[in-house]
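Novice: mind folding the following:
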Amino acid sequence: SSQPRRSGNGSAENASSGNDLSGSGSGEAPLDLRELRTQVKHLDAIERKRSAIVEARARGASSQADAQERALERLEEANGSGDEIRREVVSAVNAMSIEEKKRFAAMTEKRVHPLIKEAAEFDKAETEREAQEAAEQAQAQQNSETLEYANRLFQESAQSLDEDDPAKEYLRDRTYGQAEEVGVGYAPDSWRDLKISANRQGFSNEDLRDAGLTRTSNSGRPDYDAYSNQLTFPLRDKDNTLRGFTARWNDGAVDTARRPLDAKYINTSDEVVGFDKKKALFRDAAEGVEGNEVVVTEGPLDAMAAR
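Specialist: Numbers count the residues shown, from 1 in each chain. Below is the predicted model of the structure:
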């Protein structure tokens, strides 16, 4: 049942709660089912016209197809484009409860069922996307924590080198005495120092692999450290969160246990969640920048040399 209400011109209107939806309690203006039903009818008419045009073109009936296209244009001018109506209806259906969807489907003689399915698929896709983003954020946070541990270890290793160690001399010469200040570290010349130390601190083998700090052996042996006998330069994002490393081969080394790659520089892989080489930089003395000028160099050693 409903009670009459007065419109702006003084005439009575029936406000039937059976034809209004509250927007699922969102505080939005009620959705009028009758108006939505009219929109569905308009959408049906537009889609029938479109089908008729396609069929006429397929038969070679150009004149008939042209006439149908003119009729479609008039229809969309009067009621809105089919795409606009579809978005509006799907958005409205998306806001309904299950019972409201059932009632609406009955009012539209089941024609709205495909739209309900479309809304449900949209909901599912959004939920899956949000879940994926949340998982990636959690993984990026875990990777950052693992990388920070490795960074502390690399810096401690650099600081504990003997003064006459070739690696110490190389570190001092190539960083111009700035290594400790700007966070340059040294990955020891070993196979598994980082892995063993990180495992003891509670970081799993998977944590280390996910952060790009170890690699899997093709021979079936245990994972080994990704960085060895290299200077390590922390790469941070705009929020100063550690996202990865670039590491330079120690040219001053004489006897080495291993040389990971022939490349002079090794970067954290873009496959590491949270790391994007285009968005992470080795930042040297950013507080010294004046005005709007920033000096960008090709490599971290160049940055320290320029300084």
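
Novice: what about Ser190, which SS state?
Specialist: coil (DSSP: H, G, I helix; E, B strand; the rest coil).

Novice: er, Glu163 I mean
Specialist: Reduced to three states by three-state DSSP, Glu163 is coil.

Novice: try Ala52
Specialist: What three-state DSSP gives for Ala52 is helix.

Novice: a strand runs through Arg243, doesn't it?
Specialist: Yes: following the definition three-state DSSP, Arg243 is counted among the residues of a strand.

Novice: in contact with it, which residues?
Specialist: Taking Cβ atoms under 8 Å, 6 or more residues apart in numbering as the definition of contact, the neighbours of Arg243 are 140, 143-144, 147, 235-237, 268, 272, 274-276, 279-280. Just so you know, the C-beta spots here come from the backbone N, C-alpha and C atoms, and that holds for glycine as well.

Novice: wait, which of the residues you listed is closest to Val182?
Specialist: Of all these, the one with the least separation from Val182 (Cβ to Cβ) is Arg236, at 11.3 Å.

Novice: and stretch 78-94, how far out from the chain middle?
Specialist: Here the centre of stretch 78-94 is set off from its chain's centre by 29 Å, with Cα atoms, centre = their mean, to the nearest Å.

Novice: so for it, what gets flagged as buried?
Specialist: Residues of stretch 78-94 classed as buried under the neighbour-count rule (16 or more other Cβ atoms under 10 Å) are Asn79, Gly80, Gly82, Ile85, Arg86, Val89, Val90, Ala92, Val93, Asn94.

Novice: from Ser91, how far off is the second one?
Specialist: Spelled out, that is Gly80. Shown here: Gly80 relative to Ser91, a distance of 14 Å by Cβ to Cβ, to the nearest Å.

Novice: how about Ala187, nearest residue that isn't a chain neighbour?
Specialist: Nearest residue to Ala187, sequence neighbours excluded (Cβ to Cβ, 6 or more residues apart in numbering): Tyr227, at 3.6 Å.

Novice: surely that neighbour is within a strand?
Specialist: No: when classified by three-state DSSP, Tyr227 is found to be coil rather than part of a strand.

Novice: what is the burial count for it?
Specialist: Counted by other Cβ atoms under 10 Å, the residues lying close to Tyr227 total 24.

Novice: and for Ala211?
Specialist: Under the neighbour criterion other Cβ under 10 Å, Ala211 is assigned a count of 31.

Novice: now the one 5 residues further on
Specialist: Other residues near Thr216 number 12, with proximity taken as other Cβ under 10 Å.

Novice: contacts only, for the closest residue to it other than its chain neighbours.
Specialist: Using Cβ to Cβ, 6+ apart and skipping residues adjacent in sequence, the residue nearest Thr216 is Asp223, 5.6 Å away. Asp223 makes contact with Arg192, Lys195, Asn205, Leu208, Arg209, Thr214, Arg215, Thr216, Ser217 under the criterion Cβ under 8 Å, 6+ apart.

Novice: rerun that using 7 Å as the cut-off
Specialist: Contacts for Asp223 were tallied using Cβ atoms under 7 Å, 6 or more residues apart in numbering; they are Lys195, Asn205, Leu208, Arg209, Thr214, Arg215, Thr216, Ser217.

Novice: okay, it: pLDDT?
Specialist: Looking at Asp223, its pLDDT stands at 87.

Novice: now swap in Glu181 and tell me
Specialist: Per-residue confidence for Glu181 comes out at a pLDDT of 80.

Novice: from Val273, how far off is the residue nearest the centre of the chain?
Specialist: Using Cα atoms, centre = their mean, the residue of the chain that lies closest to the mean C-alpha position is Glu133, 5.8 Å off. Distance check for Glu133 against Val273: by Cβ to Cβ, it reads 11 Å.

Novice: from the contact counts, what lies against the longest helix seen in the chain?
Specialist: Identified as the longest helix of the chain according to DSSP state H is helix 113-159. Using 3 or more Cβ pairs under 7 Å, 6 or more residues apart in numbering; DSSP states H and E as the contact criterion, the elements in contact with helix 113-159 are helix 82-94, helix 98-107, strand 185-187, helix 193-200, helix 205-210, strand 242-249.
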